[in-house]
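Chemist: Below are the sequence and a predicted model for it; my questions follow.
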Amino acid sequence: MKITIKLGIFMLALLIMVMPAVACGEPTAPSAPTQPTTTPKKITLDDAPLVLDLSPLLPASFERLDAASEGLSNKDMGLGPEASEVELFLSEEPYQMIYCFLMIIEESRVERAASNAIFRDEQQIKSIVVEGLKAGAAEEGLEIGASEIQITYPNIADIAVLGEGYFSSYGINVGFDILWFRENNVYVFTYSVYLSPEKQPLASIAGEIEHRISMFSQ
């Protein structure tokens, strides 16, 4: 289903738009993986493949794909060195694509207050999502009809925002969820695109990711 793959790709354009606003501190450069010790090590971008491994959390219909092979690598999407590689999971029946990545940002109190304010501004989040959809669709040469999004604030990590909505394109109604959260200095961005109401919710997945992050020293 070529159109759904393209729709999934342009949803990633949305996260590129929001990153400069949310992640306004200095990135923590990745370091070489270290052997486990009795003292929890500090999380780095190299830990992202383990932290963001959703395979144990998803039904058997989901397959973990190589994002680079699907044209969705960090480089393909222009995410930059401050972001981890994209982790991609696909269920063909029912169709749902879930992808995520993380950033580790050292922020001042002023920068942290600014990013928190963005997370809590429901109208601004809606605007970011809508503009991201439009920009991504235009880049992919697609047309978007009606769209709707609802914003809630789940009790996950230090702060989190969940957007659930849909848009129509060429007579197809496409559902999408976005869930962004911060745990200490780690920002996690998760996205879902689906065609059936039988979707895997992101909130429970994010809760497990938060738990994994908490196992590292901060």
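Modeler: Sure, I can see it.
Chemist: secondary structure class for Gly136?
Modeler: Taken by DSSP: H, G, I helix; E, B strand; the rest coil, the conformation at Gly136 corresponds to helix.
Chemist: Buried residues, the host helix or strand of Arg212. List them.
Modeler: Assessed by DSSP states H and E, Arg212 sits inside helix 202-214. By 16 or more other Cβ atoms under 10 Å, the buried positions in helix 202-214 come out as 202-203, 205-207, 209-210, 213. Bear in mind the C-beta positions are built from the backbone N, C-alpha and C, glycine included.
Chemist: for the record, mean pLDDT for that helix?
Modeler: The pLDDT scores in helix 202-214 average 94.
Chemist: what's that helix in contact with?
Modeler: Contact with helix 202-214 is made by 43, 50-52, 54, 57-58, 98, 100, 154, 156-157, 160, 162, 177-179, 181, 183-184, 186, 188, 190, 192, as judged by Cβ atoms under 8 Å, 6 or more residues apart in numbering.
Chemist: Which of those are buried, as a PyMOL select command?
Modeler: To isolate the buried members of the contacts of helix 202-214 in PyMOL, using 16+ other Cβ under 10 Å:
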select buried, resi 43+51+52+54+57+58+98+100+154+156+157+160+162+177+178+179+181+183+186+188+190+192
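Chemist: okay if I get the buried residues of helix 202-214 as JSON lines plus distance to Pro81?
Modeler: JSON lines is the format used below for the buried residues of helix 202-214 (distance: Cβ to Cβ, whole Å):
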{"residue": "Leu202", "distance to Pro81": "26"}
{"residue": "Ala203", "distance to Pro81": "29"}
{"residue": "Ile205", "distance to Pro81": "26"}
{"residue": "Ala206", "distance to Pro81": "24"}
{"residue": "Gly207", "distance to Pro81": "28"}
{"residue": "Ile209", "distance to Pro81": "21"}
{"residue": "Glu210", "distance to Pro81": "24"}
{"residue": "Ile213", "distance to Pro81": "20"}
